[in-house]
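Asker: pasting the structure only:
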């Protein structure tokens, strides 16, 4: 909820690769036995259920940017294969005997401390140093109190309809600016959506 993917998309949009694809994949959301196929693709019949050939995310992002979110959740055996793909700039789809050249900008993100994961043996040090070329720390919402007004206005603009234009009362805005938001921006979105639903007029008051 700190905006990792938004930053990744901004990096892509302002780069020389902006005319090519931006492809995002959340590693924590993929079953372990399907990660290799998601990343590198597979041939028809490569495994049970592989009824068609599939292009992997590396190939989809060729020439563009591949964003791997929650990379710390990648199993150790897949960390080896990811490291090889980065180093060799080649991938081998599951079930294929040939390799495919790929050229991607790789952006990875995680909410975990990767250095601690390396120290515990949960994350390969060679992959860590390969990924950690430029480090961008995304501060939590509570570390960015000045963002609340802008974020709230943006979210309310998305909630606005032709029949109902919503604004925040000074009291409501002050309450938001003084709240710690452990759920980051997603929690702010949830609060404003709920307040909008409960609001009987066009201005959200403190009680909502």
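Answerer: Nice, thanks for sending it over. Bear in mind the structure is a predicted one, so any value in this text is a computation, not a measurement.
Asker: what distance separates stretch 32-40 from the centre of its chain?
Answerer: 17 Å (Cα atoms, centre = their mean, to the nearest Å).
Asker: scratch that, stretch 100-118
Answerer: For stretch 100-118 - counting by Cα atoms, centre = their mean - the centre lies 11 Å from the chain centre.
Asker: likewise stretch 46-54?
Answerer: On Cα atoms, centre = their mean, the centre of stretch 46-54 falls 27 Å from the chain's centre.
Asker: so which bits of stretch 57-73 are buried?
Answerer: 57-62, 64-73 (16 or more other Cβ atoms under 10 Å). Where you see a C-beta, it was placed from the backbone N, CA and C, and this is true even at glycine.
Asker: now do stretch 116-135
Answerer: 117-118, 122-124, 127-128, 131.
Asker: what is the end-to-end distance of that stretch?
Answerer: 15 Å (Cα to Cα, to the nearest Å).
Asker: what do you get for stretch 25-44?
Answerer: 22 Å.
Asker: tell me how far it is from the chain's mean position?
Answerer: Here stretch 25-44 is found 16 Å from its chain centre; the criterion is Cα atoms, centre = their mean.
Asker: same question for stretch 179-192.
Answerer: Computed by Cα atoms, centre = their mean, the chain-centroid distance of stretch 179-192 equals 18 Å.
Asker: same question for stretch 171-179.
Answerer: Worked out by Cα atoms, centre = their mean, stretch 171-179 lies 28 Å from the chain centre.
Asker: circling back: just checking, which of the buried residues of stretch 116-135 belong to helices?
Answerer: Those of those mapping onto helices are 117-118, 127-128, 131, per DSSP state H.
Asker: so what's residue 183 up against?
Answerer: Shown in contact with residue 183 (Cβ atoms under 8 Å, 6 or more residues apart in numbering): 1, 190.
Asker: got the phi and psi for it?
Answerer: phi -90, psi 10 (degrees, to the nearest 10).
Asker: buried ones in the biggest helix by length in the chain, by neighbour count?
Answerer: If you go by DSSP H, the chain has its longest helix at helix 184-198. Neighbour counts over helix 184-198 (16+ other Cβ under 10 Å) mark 184-185, 188-189, 191-192, 195-196 as buried.
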